[in-house]
Every structure is written in structure tokens, then in C-alpha cells.
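I would like the atomic coordinates for the input below:
(4 chains)
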Protein chains: 2
Amino acid sequence: MSGINLKKLSQELGLSISSVSKALRDSYEISAETKKRVLAMAEKLNYQPNPFARGLRKNKSTTIAVVIPEIANNFFALAIDGIQLVAQKKGYHVLTYLTHEDFQNEESTIKHLQGGRVDGVLISLCGDTASVKHLIDLHQTGVPIVFFDRVPETMECPTVTTDDYESGFKATEHLILAGCKKIAYLCVSGFLSTTQKRMMGYEAALEKYKIVFDPKMVIQCSNDNIANVALLRKLLARKNRPDGIFASVEKLAISTYYASNEIKLKIPQQLKVISFSNLRTASLLSPSLSTITQPAFEIGKESAELLFRMIEKKTFGNRIDRVVLKSSLIERNSSVKK
Amino acid sequence: MSGINLKKLSQELGLSISSVSKALRDSYEISAETKKRVLAMAEKLNYQPNPFARGLRKNKSTTIAVVIPEIANNFFALAIDGIQLVAQKKGYHVLTYLTHEDFQNEESTIKHLQGGRVDGVLISLCGDTASVKHLIDLHQTGVPIVFFDRVPETMECPTVTTDDYESGFKATEHLILAGCKKIAYLCVSGFLSTTQKRMMGYEAALEKYKIVFDPKMVIQCSNDNIANVALLRKLLARKNRPDGIFASVEKLAISTYYASNEIKLKIPQQLKVISFSNLRTASLLSPSLSTITQPAFEIGKESAELLFRMIEKKTFGNRIDRVVLKSSLIERNSSVKK
DNA sequence: TAGTATTACGAAAACGTTTTCGTTTTTTTT
DNA sequence: AAAAAAAACGAAAACGTTTTCGTAATACTA
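Okay, here's the model as predicted:
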């Protein structure tokens, strides 16, 4: 359809296909003047090499895949930004897939990647990923994989994460020092590595300050915002309600705000809140939201750089990189001691 | 690398390559029992067809490209969500490209798409796109293109947009009715169709209420948030400062909030604000932000559906669809009359 | 000057599919 | 029972590259 290929170019130039091809890749076998002619004609006819023919021949796609749970999420949007930056610099194309936190989706997506469509995969697991067999299979076909943020527990693999345990600890400690006695931990899925580690930090902080851990204060939320608001409203209307909320994902903090508004619960007077979040508007909220902010852009950037290192020198197998970046705790009014 | 292809499959089965291929595509030339055997073996060996070989042979990629200015932006993130939904349903893959509002990027991205890498393109133009020659070239190679939100003025082409003129009018009228006498219009680029139309609505509303249009109240901002805050701080500190702000993009509203905070200007008492925005936290801001909210998800969905209609029946050329969706004005405290 | 490098190019195979066109065997029709 | 039709499969070309190898013509070496 595009019409213009090596054959037409070579006819136009009175050269063979192979010579034209070599001229375009600047081969030493072709004289300087011929190269000039070829380049000029290629430019004139606006020749673009067919990526499928090239991919087939070279067994290379110059494409990577990014598999994430959702895109309408500041963390992942920023991470993609970082990924795209380095991919673009390398001349790579980026395929994006959304799992919508559904394991079936993740599985079939990964399976489709088996055919050689991509040279590498960046993935953040979905909430209910129980098995990682699909990923092991993919890895065994020779496709390098880098996990970021949500990584598997049961697989030796390259990862880029943040200091989730420490962040969980600090966030909880922060609430305790602000006067909270009964802190709820909000999460979306118990399977996730992030959820687990943040919760371990949460538990450790409770222990340090001699607060007994109450399993009922671990609130499993869903991906349905409306349902989450309803759930939280119930939680916060109870007699025995928590006086502090530690949200392990941004949207749960927002739902907490909505729920509190609905039942006229004052933040931070009656309820203190801190949350993992990359909201640009955190400081503009009413009240401004205290956050643990992950370096989302850098996570994307680091992951992509790690992946390209694996793609370029095929030295993976003998070494496994695990990068850990630091999140920062930003105190604002939602958790202020009064 | 992946290893398992039709040749190996056929050897394993004692069949010819062509028969295996036909069996897998459920051809009438192959007997039912042979098909069963082939399917079973393919499943067992986890066969995945090579997308490059298939793409080369069929001259089809089952891939579309999405070209947008930025991803860390609620509008575009939601639009991508809608696009992915329908692409996934169709079994298509989605390549994402970010132009970062840079025309050079947009141009080279589109050029690279010329080789047949994708079956169709969804694009929202970047702010300084002066010429659309690159897009006309691409279109002439037979690649269907659908423009969404930011569309070209000088090209007959399929588009999905919102009622920008009306929205601009209503937003401005809303500020006027709330008591504003001097309304500034904030935009990122004068070239954009959206900017233009929203501004025409703005001017029309001013005229209706006999307010003279002041060109100095049209504020050209950049993509640098920090610079924008500084610019707005200056604007709002002037003696002759505006008493109303109409932001044509979300981030400018946020910058307005930052600037106002810095110079202790009270919203909505001293300054009323309304903005195009898809912020989930609009109602939680201090004060809650009045918005024109575009149906971003639906825009993405409609665009993709339109594109696939064009890809599937190649009836483009004889008809050009232009879909217009409605935005909604949501009044909140940032523009309340007091 | 004969032999050897070097330079500049072309022919052809290969990548893994799909598809067209045989070809053989079986079934149906007359 | 002979001819025609149908069923089930295989051989091979084609898609557009890249790359290996071969081969002229020219330049250099002894």
C-alpha cells in the first residue's frame, strides 16, 4: 500500500536491491558517490523501510511492551512518561497494554507477546496475579522482562521498586506521632508485593509504639470507586472508627476524602490521612494531603534503562539487577497534629 | 529465538507447513480430525505465530498508533483508556507516541509510521503544529487517520471533538454572571483548534454582555509549570489584575491556584476561576474548582471506533465523519457569586 | 608482467507466514 | 463401470528486507 520499497528504489537508480540496501545502511562495500545517489533518491521518494520485513529478517522488533494495570492513574502515567523518554531516545517503539487489574487479561497479553512482537517487556503486575507461570514462559523464550513497582515475590527477576517497607513504616509512625491511636490500612489487593511490604512497615511501626495490630483495620478495597466510598463511609461512621487512615494507593485517599465529606467528618481534626500519591494537586486539596510520593518518572526511566541494558548485551541470566529508589514523605495538613 | 514455528510444528505432526497453516486458520481444505491434532499440538508446544511474517505476507499489522502531546494529563490518560478498550476488543495492538508539544517530534513520528507499521493512526496535534503536510503524506500512503480534540483547521478529515465554542461561551458567561468584569483567557498555544474555538466562545460571551475584548487578557502560557506560575503571579499582582480566570487547560488552573496561594489572593472572593478539566479531585480542592469537563473516555472510544470503521471497510475517501460530543459545565466554589 | 589485493557491485538465500495452484485419493454421478 | 466431482493434502511462490557469497574491474605488489 505504501508503495515505495527497495525494489522500486533500485529500479529507479539502475542498481540492484542488495546494493541499495547496503548503501542505506552505509556499508563499506558501496562507494561514496553511489551512497549519495541512493540517499538522495530515498529522500526524494520518501522511502521508509518495511518494519515487518526487517523484523522478520533480523529477528528484532525495535519495540518494547509496557503492561500496566491502568493508565488513568498519576503514578503509571508518570512512569510511562519516563519509559517513553528513554525508548524514544533509543529509537524504540512502545506498545502499551492495560490489564485493568484482571489476571486473565494479563495472562493473555503476555501470551500474545510470545511470538516475537517485542524485544523486551516492562510490567507492573495486576492486583490478583496469583501465578507467574505466564511470565516464566515468556522469559524462557528469551524475552527480557523488567518488573517495576508491583513485582513478583516468587521469582528471581530484575526489578525497580521503591522502599515500600520504610515508607509504610514512616507513614504509620507519622500518624502515630500526630496522635492517632487507631490507624486503618487501606489497600486494593492483598497479593501485591507493594501492599505486603507497606503493610509490614505499618505493622512494625505499630509494634514500635506498642499499638496492638488489629486485622480488622486492614481494609481491602476494590477497583470500583463508588463501592469504595460506600465502604469507607461505613467504616468511618462506626462507633469504633479509626482516627487515622494510611492509604496505600492514591485513589483510596480520594475516596476517603469523599466519604469524610459525606458524613461531615473533619480532616485532620477527627481523622488524619496520609497516602501514597503522585497528585499534582495534593497541596491544593481541602485539606492539603500528606503524601508518600514515589519517584514515578524515575521509576519508569530506570526500568527502561535496565531493560535496554538487558536487550543490548545479552548478559541476562548471569546477573539480576534490583534497583530500589526512595520515596519521600511530604507532611501537609491532612495529618497535622493539633 | 522463540523457537517454535510452523516448520517445527509440521515436522512434529508429519504434515506440510501449508496444511498446518490452513488447519490453524480453520480452512475447509483440512479435515476435522487433522485440525484437532494440529490445534492440540499447537497448544501443547505453545505456538504463537510470528507477527512479522504474518504482517509482511498480509500487509497488515493489527496495530494502531496513538500520537498525543503528553500522557501525564488526565484528559489524555482517559482518552487512551477509551481507545485501549476498543482496540483490545478488536484484537489490535496500540503503539503510543508522545510529542511533548514539539512539532519536530510529531513530524518524525508520523514519518516513521509511513512504512506500514500501523493500520491506522489516532492523533491529537501538538501545540505548535503549523503545517500538516506530514499528515497528508501519511494519509496518501493509505493509512486512515482520525483526529481527536486537537484537530487541524486546514484539512478535510475525520475528527472527534467537543463543543468547544459553546463551552467557551458558557464558561465565560458563567464568570460574567458571577460578577466578573475583567476575565483573562489562559491558553498554551494560539495555533490549536481547541484554543481558537474556546476563545471565540469567550469573545462572543464578552460581546453579548457588552464587555470590550482586551487582547492583553489573552495569556499565552508555556509547558513549563514553574514558569507559568511565575507568569500568573505577575499577572495577578498587577494593579489592573483580572477578577476572573478562564483556563483552557487543566494545568493552567492548577498553576492559577498555586499563584493565588503565593500572593494570598482569595478564590473566589477576589478571583473567580473556571477551567477545562478532568480532575477527579476538582471537588476536593480548596476551593472546589468549577470545571468544563470533556467526556474524555468517550472521545477516545468514539475515535477508535471511527478509526476501525475506516480500517475495516475501506470506504474512506467518499465520506468523512465528524463527531462532536458535549462537555458539561460543573459549577463549584471557585466561581461562586458572593 | 604476473600475481594478488582491493573496490564495488549483483545473485540468491533466508526469515515465517499465507495463498495459489497442483496432485492424489476418495466419493459421487451418469 | 467409467467419468466427474469433491476432499485432503503438498509444493512453491510471494511479501520486503538483510546478509553471505561470488565476480568482475581496478589497483597494488613483487
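
pLDDT score assigned to A:Gly127?
You'll see A:Gly127 listed with a pLDDT of 89.

pull up the gap between the closest residue to it other than its chain neighbours and A:Cys221, please.
In this structure, A:Gly127 finds its nearest non-sequential neighbour in A:Ser189, 3.2 Å apart by Cβ to Cβ, 6 or more residues apart in numbering or on different chains. C-beta here means a position set from N, CA and C on the backbone, and glycine is covered the same way. Applying Cβ to Cβ, to the nearest Å, the value for A:Ser189 to A:Cys221 is 9 Å.

and what of A:Val86?
Taken as Cβ to Cβ, the span from A:Val86 to A:Cys221 is 33 Å.

for chain A, what lies in contact range of DNA strand C?
A:14-19, A:22, A:29-32, A:34, A:53, A:56-57, A:59, A:115 (Cβ under 7 Å from any atom of the strand).

repeat that with 6 Å
A:Leu15, A:Ser16, A:Ile17, A:Ser18, A:Ser19, A:Glu29, A:Ile30, A:Ser31, A:Thr34, A:Leu56, A:Arg57 (Cβ under 6 Å from any atom of the strand).

switch those over to TSV; also include secondary structure and neighbour count.
Formatted as TSV, those follow (DSSP: H, G, I helix; E, B strand; the rest coil; neighbours: other Cβ atoms under 10 Å in any protein chain shown):
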residue	secondary structure	neighbour count
A:Leu15	coil	20
A:Ser16	coil	11
A:Ile17	helix	14
A:Ser18	helix	13
A:Ser19	helix	20
A:Glu29	coil	9
A:Ile30	coil	20
A:Ser31	coil	11
A:Thr34	helix	16
A:Leu56	helix	20
A:Arg57	helix	10
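
filter those residues by proximity to DNA strand D?
For DNA strand D, the contacts drawn from these by Cβ under 6 Å from any atom of the strand are A:Ile17, A:Ser18, A:Leu56, A:Arg57.

tell me which two in these are the farthest apart.
A:Ser18 and A:Leu56 (16.9 Å; Cβ to Cβ).

closest to B:Ile145 among the residues of chain A next to DNA strand C?
A:Leu56 (26.5 Å).

pretty sure the closest one contacts B:Pro49?
No: with contact defined as Cβ atoms under 8 Å, A:Leu56 does not reach B:Pro49; the gap is 12.0 Å.

ok, the ones next to DNA strand D among the residues of chain A next to DNA strand C vs chain B, which is closest?
Nearest to chain B among these, counting by Cβ to the nearest Cβ, is A:Leu56 at 4.1 Å.

who are the contact partners of the closest one?
B:Asn50, B:Phe52, B:Ala53, B:Leu56 (Cβ atoms under 8 Å, 6 or more residues apart in numbering or on different chains).

how about a cut-off of 7 Å?
Residues in contact with A:Leu56 (Cβ atoms under 7 Å, 6 or more residues apart in numbering or on different chains) are B:Phe52, B:Ala53, B:Leu56.

okay, the angle between the helix or strand harbouring the second one and helix A:51-58?
Here B:Ala53 is covered by helix B:51-58, with elements defined by DSSP states H and E. Note on geometry: by axes from the mean of the first three to the mean of the last three Cα atoms, to 10 degrees, helix B:51-58 and helix A:51-58 are set 130 degrees apart in direction.

gap between helix B:51-58 and the chain center?
29 Å (Cα atoms, centre = their mean, to the nearest Å).

before we move on, what about stretch A:256-268?
Centroid separation for stretch A:256-268 versus its chain: 30 Å, with Cα atoms, centre = their mean.

repeat for stretch A:106-121
For stretch A:106-121, the distance to the chain centre is 17 Å (Cα atoms, centre = their mean).

how far does it stretch from start to finish?
12 Å (Cα to Cα, to the nearest Å).

contacts for that stretch next, please.
Against stretch A:106-121 from outside (Cβ under 7 Å, 6+ apart): A:59-65, A:67, A:95, A:97, A:99, A:126, A:129, A:134-135, A:138, A:141, A:143-145, A:307, A:310-311, B:1-2, B:46, B:48-52.

pull out the buried positions in it.
Using 16 or more other Cβ atoms under 10 Å in any protein chain shown as the test for burial, stretch A:106-121 gives A:106-107, A:109-110, A:112-121.

same deal with stretch A:135-148?
A:Leu135, A:Leu138, A:His139, A:Thr141, A:Val143, A:Pro144, A:Ile145, A:Val146, A:Phe147, A:Phe148.

what does stretch A:194-201 give?
Buried-residue list, stretch A:194-201, by 16+ other Cβ under 10 Å: A:Thr194, A:Thr195, A:Gln196, A:Lys197, A:Arg198, A:Met199, A:Gly201.

alpha carbons only: can I get it in PDB?
Taking C-alpha atoms only, stretch A:194-201 is exported to PDB below (Å, rounded to 0.1, in the frame of the first residue of the first chain):
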ATOM      1  CA  THR A 194       3.800  -3.300  47.400                       C
ATOM      2  CA  THR A 195       0.800  -3.900  49.600                       C
ATOM      3  CA  GLN A 196       2.600  -6.600  51.600                       C
ATOM      4  CA  LYS A 197       5.700  -4.600  52.200                       C
ATOM      5  CA  ARG A 198       3.900  -1.400  53.100                       C
ATOM      6  CA  MET A 199       1.800  -3.300  55.500                       C
ATOM      7  CA  MET A 200       4.800  -4.900  57.100                       C
ATOM      8  CA  GLY A 201       6.100  -1.400  57.600                       C
END
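
in a markdown table, list the buried residues of stretch A:135-148 along with pLDDT.
Shown next, in a markdown table, are these (pLDDT from 0 to 100):
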| residue | pLDDT |
| --- | --- |
| A:Leu135 | 96 |
| A:Leu138 | 95 |
| A:His139 | 93 |
| A:Thr141 | 91 |
| A:Val143 | 94 |
| A:Pro144 | 95 |
| A:Ile145 | 97 |
| A:Val146 | 98 |
| A:Phe147 | 98 |
| A:Phe148 | 98 |
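
which of those residues fall in helices?
A:Leu135, A:Leu138, A:His139 (DSSP state H).

adding distance to B:Ala40, write the residues you listed out as JSON lines.
JSON lines is the format used below for these (distance: Cβ to Cβ, whole Å):
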{"residue": "A:Leu135", "distance to B:Ala40": "24"}
{"residue": "A:Leu138", "distance to B:Ala40": "22"}
{"residue": "A:His139", "distance to B:Ala40": "25"}
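
strands along chain A, start to end?
For chain A, applying DSSP state E gives strands covering A:63-68, A:93-98, A:120-123, A:145-148, A:159-162, A:183-187, A:218-220, A:244-247, A:272-276, A:290-293, A:322-325, A:328-330.
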